[in-house]
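# I need the structure of the sequence given here:
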Amino acid sequence: ARPNGPLLVGGGVPLVRKTAVQSEHGEPMTWLTSPPVTDAAQYALCRCGASSNKPLCDGSHKEAGFTEP
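Numbers count the residues shown, from 1 in each chain. Predicted coordinates:
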């Protein structure tokens, strides 16, 4: 984690979205996996919530004045 900034992810870990699939009775069944959001060798995840490109960081933490608790 960068101080007062994003979480850096490295090592070629692909970033995907998972969506829960439920039965008609609301019981959990499985997960659907999206195509990779990014498969870059390194990327930054937003921690401030102000990014317009969530979950990726766009540098908005600087203008938002994000500081770690």
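
# Low-confidence ranges, this structure, go.
Across the chain, nothing is flagged by pLDDT under 70.

# residue ranges for the strands of it, please.
Assignment of strands within the chain using DSSP state E yields the ranges 7-10, 18-22, 28-33, 42-45.

# Check which helices and strands the first one sits against.
I take that to be strand 7-10. strand 42-45 (3 or more Cβ pairs under 8 Å, 6 or more residues apart in numbering; DSSP states H and E). For the C-beta atoms, the positions are set from N, CA and C on the backbone; glycine is no exception.

# And the strand it packs on, how far out from the chain middle?
Mean-position distance between strand 42-45 and its chain equals 9 Å (Cα atoms, centre = their mean, to the nearest Å).

# could you say what helices and strands that strand packs with?
strand 7-10.

# how many neighbours does residue 31 have?
By the criterion of other Cβ atoms under 10 Å, residue 31 has 11 neighbours.
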